[in-house]
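> Quick one, what's the 3D model for this:
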Amino acid sequence: MTRANLEIRPLTPTLGAEIHGVDLSHELDDETFADIKQALLDHLVVFLPDQRIGPAEQLDFARRFGAIEPPHPYFGVVEDQPEVTVIEQDGTPDSDYNDAWHTDVTFRAEPAMASILHAQIVPSSGGDTLWSSLYGPYEALSPSIRDMIEDKVATHDYYNSFGETVLKGPGGLEKLLDDVRRFPPVEHPVVRTHPETGRKGLFVNRVFTHRIKGMSWVESDHILRMLCEIAEHPNYQIRWHWRPYDLAIWDNRCTMHLATSDFTGHRLMHRITVLGDRPYH
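Okay, here's the model as predicted:
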C-alpha cells in the first residue's frame with residue numbers, strides 16, 4: 001500500500017478542491033483514503049488530475065466508498081466491467097448530452113451517494129462540467145421560504161428524463177414499460193439532511209423532480225422553478241475543464257451538475273456510481 005503525501009487545494013469558498021500527490025494505480029492505505037473522503041465531505045467535489053488507470057482500477061477505488069450501483073438502465077457500459085457506465089458524445093444524432101442541471105439517479109428510492117468520473121477522451125476546447133452546491137442555495141433562502149418547503153416532499157420520475165428517448169429507441173414501448181415498472185416514481189424530501197455532515201440542502205432538480213406533493217400543479221411548478229433557479233446561480237458553482245485522465249468525485253447528496261455541449265468532436269467518460277441511502281429530512 002502507498003501512503004500518499006496529499007496536497008488539497010480548495011478551488012472556491014463554496015465547493016471544489018484539487019487533490020495532488022495521489023496515484024490510484026497503487027492501492028491506497030486507509031489513512032490516505034480517509035483523507036480523500038474527508039476532502040469530499042468538506043468540498044463536495046474533488047479532482048484528482050492525471051490518473052492513468054483502467055476501468056478495473058477505477059472500480060476498485062470506487063468500492064472503497066461503498067456498494068456500486070448496478071448497470072445503468074439507459075447508458076452503455078464497459079464490456080467486461082458492467083458497473084462502469086460509458087458517457088459518450090461524438091457529435092452524431094445518437095449522442096445524448098447531459099447539459100441540464102441534475103443530481104444523478106434521484107429517480108431511485110435510494111439515490112447515489114457519490115459518482116466517480118474518469119476522462120478518457122476530451123475535446124480540444126469546450127466540454128466542461130459544472131457542479132453546484134445544494135447547501136448554499138438552501139442557506140441563502142429567506143426564512144419564510146425555508147419554512148414553507150422545510151417538510152415538503154416531491155416526486156422524482158425516471159420518465160421525466162428518459163421516457164421519450166427510450167420510446168424512440170430500440171425496444172420502444174416494451175422497453176419503456178419495463179423501465180417504468182422497475183423505476184416507478186419515488187418521493188424524496190425537498191430539503192435533505194446530509195447523513196454524514198448533518199447539513200441541510202435542497203434536493204430538487206430540473207431533470208427528475210416532477211411535482212411537490214400537496215401543492216397544485218401551478219404552485220408546484222413555480223416553487224420548483226424558483227428553487228432550481230436559485231440552486232443554479234453562479235455563486236454556488238464550479239467549472240472544470242477536463243484533461244485526459246482527470247478523475248472527479250462528487251457527493252450526490254449535496255450537489256447538482258451538468259456537462260456542457262459547447263464542443264465539436266468526441267468526449268468519452270467512464271462513470272461509476274456508489275449506492276446511497278434513502279434521503280431524509
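
> Could you list the low-pLDDT ranges of the stretch 101-250 of the chain?
For the stretch 101-250 of the chain, applying pLDDT under 70 flags the ranges 159-180.

> What segments of it are strands?
Taking DSSP state E, counting those that start in this stretch to define them, one finds strands in the stretch 101-250 of the chain at 112-121, 129-133, 153-156, 186-189, 191-193, 200-202, 209-212, 237-240, 247-251.

> Turn those strands into TSV, including distance to S142 and mean neighbour count.
For every residue, glycine as well, the C-beta is placed using N, CA and C. What follows is the strands of the stretch 101-250 of the chain, written out as TSV (distance: least, C-beta to C-beta, whole Å; neighbours: other C-beta atoms under 10 Å):
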stretch	distance to S142	mean neighbour count
strand 112-121	30	21
strand 129-133	18	24
strand 153-156	20	23
strand 186-189	19	20
strand 191-193	14	20
strand 200-202	14	22
strand 209-212	18	21
strand 237-240	21	19
strand 247-251	26	24
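
> Now tabulate those strands in JSON lines and tack on distance to D80.
Listed next are the strands of the stretch 101-250 of the chain as JSON lines, based on distance: least, C-beta to C-beta, whole Å:
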{"stretch": "strand 112-121", "distance to D80": "15"}
{"stretch": "strand 129-133", "distance to D80": "26"}
{"stretch": "strand 153-156", "distance to D80": "32"}
{"stretch": "strand 186-189", "distance to D80": "32"}
{"stretch": "strand 191-193", "distance to D80": "36"}
{"stretch": "strand 200-202", "distance to D80": "37"}
{"stretch": "strand 209-212", "distance to D80": "35"}
{"stretch": "strand 237-240", "distance to D80": "28"}
{"stretch": "strand 247-251", "distance to D80": "20"}
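
> out of those, which comes closest to P10?
Minimum separation from P10 across the strands of the stretch 101-250 of the chain (C-beta to C-beta) falls at strand 237-240, 10.2 Å.

> CA atoms only for the closest one, dumped as CSV, please.
What follows is strand 237-240, C-alpha atoms only, in CSV (Å, rounded to 0.1, in the frame of the first residue of the first chain):
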residue,chain,number,x,y,z
GLN,A,237,-20.9,26.7,-8.9
ILE,A,238,-17.5,25.5,-10.0
ARG,A,239,-16.5,24.7,-13.6
TRP,A,240,-13.9,22.1,-14.5
